[in-house]
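S.K.: Okay, structure incoming, though there's no sequence with it:
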């Protein structure tokens, strides 16, 4: 059996770990052969391949990024995209595809399987953790780890200089990184896209924190918005991976806090350091297990499925489920964190 | 309402995070007052208390260890232990107890509640992750993180000098730390207590690894034993927390490998660095959520229960369930990892 | 003997380590007593003190920030500032002062000693490493460590997505952090205040890097400026510690690179995470040794001096020397790094 | 010009960084060509080479170990060792050699240059920092960083359980790692080979520490010995790199402390994690600068020299100087640290 592999969408620690597990088990246990497609769906549309065998994946477990490269190419927006995919898979004698990616990449895989009979198995990936049907995606724990370390470092500045520190973390549609790193880092206020914030309430927490003890740390997801509008970002264009550019809500909020409370406020925008570098131990473990189970699904011909984490088990779910809706932070979970605000 | 808190058993990152959450929510939302008992059950038996309020827990989220101290005192082995507990709780006007600990500490809490009507809520703690009824215990992720970082560092020595590196990690009865850190660190062989190992098979993996590429890294849990017996440890005494002392299986195995393969082998015993220091972001999040839910259980008078992680939810289970049996690594999960051996 | 201690200027990892060493040695070896002045020179001007003894400094070695607080108060700009200092020192029965700070704080100490006979010993501190008369200042190694870790993480994003990553690091007047972290992180271009850059030359390096291998990483000090002018920052105000605010040269440069090369470029502004958190091992060692030698100078009555690192030795230099001029990156050292550009 | 490169002796973070700098500057600025000899002097004696060009060193800056491999082969102990070296260098058309290594490797280079006219330039390497003629060697800062992180983690266990923790660090002949990590980690006692220790004095510090506050942490270099003899190690054999094996002074001392003070004591032997893994920012900077200056020396034909750090400058010294004597911890420096004992 000959299996194609591609990685699509934004950078995410653990992509190489998935492929290493896929190839190790596929070659050793099932006698599979592999072909890598470069830069996500672009490589399949254009027939751009690279060798993928055990030597190719050796030593990649701790390496961030993806040895296959990535892109946001959507074959349904390419001329004859689907037909070229079918031709290229036939030419490369590929019996089945493993697509590792987020909502967009997996959505393409789901349509290709359902509508065109292209045989796909999916592996969920997003540092934002906003994919339904899996408890966690790999990359998320690493992002939370990086953000928490940054917040830890900011505490001493907050304490020594009595000023407000605003930390903008990733999360355009869902506040998982903000919620987890904010709780783990001891933030005094966490703002997420699911729950539009009230600037005056934030300023109230800032003031009460100053009274109680030290200076406050505000963690804000890049997609958080004020309830009462009025936020004008300097540059609201999105980059090619859909993340808002610098000069976003964090900086805007810091200025509002300064003006309303009279306290000096500073912003740190963590940016891409949240999605690069070596994966955390948890993400390596999760990515490895996803890989082992994805190649099992391929071996069993269980096309149109995606591997997912449920508790401590890896299960299979329909690919379509994963992309049906974004997994948001439930209101009750956000309220639970509220005890630490202020 | 007046709530007592104690921490028992071995050191574990996240103990302070639990208490911080308990006190913050208890004081702010339920108007509870708290009293800390020093050194686990010893403090309750002897009436040794310390103040526990919001200032006492401030800044403790990232700090390992426990501000209350810990011990392995078992009140059922103390003269009049139970009666003294009842008297001291009455004297301190404590309405309920939160016991944070592992199998032994929670076992005492379960018996006190069931047999003597002492009102307890439990919080599961063990870096070994071997408590039933919860997906994970806090402290485990930190231990895996520390062990994985160490294995990462050993890879370059293994590669540069072509010798076998044996890493002994914690896990007297269960191989969770070995399994997770071994997978995350790219070990070529993982040995756990649940599955007695065959030294010749290990040597076979060592030889095949040398042929394929670089030198092998062997991760062995301190409680792993050879299938065919013959292991004579230099000093098999247990410390007061039940962990075997240095000069254990790691060193024994390294010598066996040297003798049977002719390859130089070295041992690193990570020891207590696995259980000390700042908790990982995951453990801070889990410990904080355990604390928030434990104080909810106290508020609702749901005595005899323990908080537990199920998927991404915190649930309550009977205290007795947690201590019924050790959670071992299932054979299928261990076999899954076998694809990376050799 | 009664010794006053103050910490002035911006946050810097190692401040507590200096004080711990000062107090430990002063109390144990010389029988000194100590008084802490809060928030730098403000505390001396206003007579705002706190106790400073061995229990007060216990456990502070690994803690960033300063237990004394800090400010930028300049007594020469306060009404009767010097007279109030003299009165408050007399009232507190302080025989001599240890001033820990950067150019401004030490400049005040130098003038107070020279012109008013206030007995001061200085300890040099700046994460920017731009103080003359010492090989290194503590805090610098930590800042370089944090920036290098961030650059490490950005490499995988650069590689996977083939886009330019601009990292803005601290350094308003001197490029030491940029130079060291850029070299240690494998940057393809390092821009420093001492050497105005040519945007077209930068774009040339960007293009050649894309041809040779992967995407480029550009490290730019916050104080770097283009040779040919034309840089319009969105907000060029300085914060109270003299650092330019967000939306600085990094973001400006990323946009210029995008426009001139057609390559997507992203900016990360590390901000205050470079100056917070636990000090590196090197900084703890340096800060501790500075503290031990500062209290020796006090004991010997060697007023008007500052401790400094020369090779591996701690020496004493006149306080005035330290603040005479900024220590810039020498042209030859910058050229040496040029072999890695492009 | 054609330049040979070899790395000899024990593993050390920064070896690859040296070679990367050598090759980058040599190829780009001087039009040199390179050949790598495998496994130190063994590769030269046996004519075992590998290609060494810019693609070969790409991405190696953050990687520990050495892409050339290493060994302890001494050509003067090989039959016709020197003649074979001369023949192999001639056959490979090598005009000069860069030898990166410690005392032994550089000692060979010195003799080959002085007695046989083999043209060598040396780069000093040892994690132990015990080479004369240079302020620091690369690898040392990384080892201190790893040891300090471990000590940080042990503090919480020491505090929570009131027991003595003994940490054995590397340093067979010199106590630099013990001294620096002990100071940086806040150890209560540091024992080094240069100063035989008195067990009773150590026990005195242990007791006084328990009285003053928390449990003590004892940092002991592997080569430290008791003043009064009586130390019987379980296995005193040396490994092939001259380091004593596990079951050394740390474990012996822990048992002595237990017996004499009645306090429980535990040992952690850090072992090879001190010499593996990614180099610290400082070591990457130092190794890179050593490489840049070594290739300058080659270019200028300055044979028989070694690059060295003096303050912040890289200088050249005679190769023979580096290996004349071990750089020990001076008594005054050790006494300086004594203020923190007990």
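M.R.: The structure has been received and is ready for your questions. Everything numeric here is computed off the predicted structure, so don't read it as measured data.

S.K.: who does the helix or strand that contains residue A:321 touch, helix- and strand-wise?
M.R.: Using DSSP states H and E, residue A:321 maps to helix A:319-322. Counting contacts by 3 or more C-beta pairs under 8 Å, 6 or more residues apart in numbering or on different chains; DSSP states H and E, helix A:319-322 packs against helix A:103-116, strand A:120-124, strand A:305-310. Every residue, glycine included, has its C-beta placed from N, CA and C.

S.K.: go with 6 Å
M.R.: helix A:103-116 (3 or more C-beta pairs under 6 Å, 6 or more residues apart in numbering or on different chains; DSSP states H and E).

S.K.: the helices in the stretch 1-150 of chain A, which residues?
M.R.: Using DSSP state H, counting those that start in this stretch, the helices of the stretch 1-150 of chain A run over A:15-30, A:41-46, A:54-57, A:81-91, A:103-116, A:140-161.

S.K.: want to try TSV for those, with distance to chain D as columns?
M.R.: Putting these into TSV (distance: least, C-beta to the nearest C-beta, whole Å) gives the following:
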stretch	distance to chain D
helix A:15-30	14
helix A:41-46	22
helix A:54-57	15
helix A:81-91	29
helix A:103-116	27
helix A:140-161	13
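
S.K.: how about these, which one is nearest chain B?
M.R.: Closest to chain B of those is helix A:140-161 (C-beta to the nearest C-beta; 3.9 Å).

S.K.: what angle do that closest one and helix B:140-161 make?
M.R.: On the basis of axes from the mean of the first three to the mean of the last three C-alpha atoms, to 10 degrees, helix A:140-161 is oriented at 110 degrees to helix B:140-161.

S.K.: Next, count neighbours for residue A:57.
M.R.: Neighbour count of residue A:57, defined by other C-beta atoms under 10 Å in any protein chain shown: 24.

S.K.: now it: how far from residue B:272?
M.R.: 35 Å (C-beta to C-beta, to the nearest Å).

S.K.: re the thing from before, which residues make contact with the helix holding residue A:321 from outside it?
M.R.: Applying C-beta atoms under 6 Å, 6 or more residues apart in numbering or on different chains, the contact partners of helix A:319-322 are A:106, A:109-110, A:122, A:124, A:131, A:133, A:304, A:306.

S.K.: phi, psi of residue A:32?
M.R.: Dihedral pair for residue A:32: phi -70, psi 160, per degrees, to the nearest 10.

S.K.: oh sorry, the question was meant for residue A:189
M.R.: The phi/psi pair for residue A:189 (degrees, to the nearest 10) is phi -170, psi 130.

S.K.: picking up where we left off before, I'd like the mean pLDDT over the very next helix or strand once past the helix holding residue A:321, please.
M.R.: Next in sequence after helix A:319-322, counting helices and strands by DSSP H and E, comes helix A:331-337. Mean per-residue pLDDT for helix A:331-337: 97.

S.K.: What of stretch A:97-108?
M.R.: 96.

S.K.: now stretch A:316-324
M.R.: Here the average pLDDT along stretch A:316-324 is 88.

S.K.: what distance separates the start and the end of it?
M.R.: 15 Å (C-alpha to C-alpha, to the nearest Å).

S.K.: buried sites along that stretch?
M.R.: A:316-323 (16 or more other C-beta atoms under 10 Å in any protein chain shown).

S.K.: can you check stretch A:151-163 too?
M.R.: A:151-163.

S.K.: cool, and stretch A:290-300?
M.R.: Quick answer for stretch A:290-300 (16+ other C-beta under 10 Å): A:290-299.

S.K.: What is the nearest of the residues you listed to residue D:138?
M.R.: When those are ranked by distance to residue D:138 (C-beta to C-beta), residue A:291 comes first, at 36.4 Å.

S.K.: who touches the closest one in this structure?
M.R.: So residue A:291 contacts A:18, A:21-22 (C-beta under 6 Å, 6+ apart).

S.K.: same thing but at 8 Å, please
M.R.: A:17-22, A:25, A:123 (C-beta atoms under 8 Å, 6 or more residues apart in numbering or on different chains).

S.K.: go on, residue A:74?
M.R.: Applying C-beta under 8 Å, 6+ apart, the residues contacting residue A:74 are A:41, A:81, A:104, A:108.

S.K.: Verify the stated contact: the first one with residue A:77.
M.R.: No: at 10.0 Å, residue A:41 does not count as touching residue A:77 under the criterion of C-beta atoms under 8 Å.

S.K.: which one of those two has more residues nearby?
M.R.: residue A:41 (30 against 9).

S.K.: Run through the residues that contact the more buried one.
M.R.: A:6, A:8, A:71, A:73-75, A:81, A:85, A:105, A:108.

S.K.: Report pLDDT for it.
M.R.: Reported pLDDT for residue A:41: 97.

S.K.: starting at the chain centroid, how far to the lowest-mean-pLDDT helix or strand in chain A?
M.R.: Least confident element among the helices and strands of chain A, by mean pLDDT, DSSP states H and E: helix A:319-322 (a mean of 86). Offset of helix A:319-322 from its chain centre (C-alpha atoms, centre = their mean, to the nearest Å): 17 Å.
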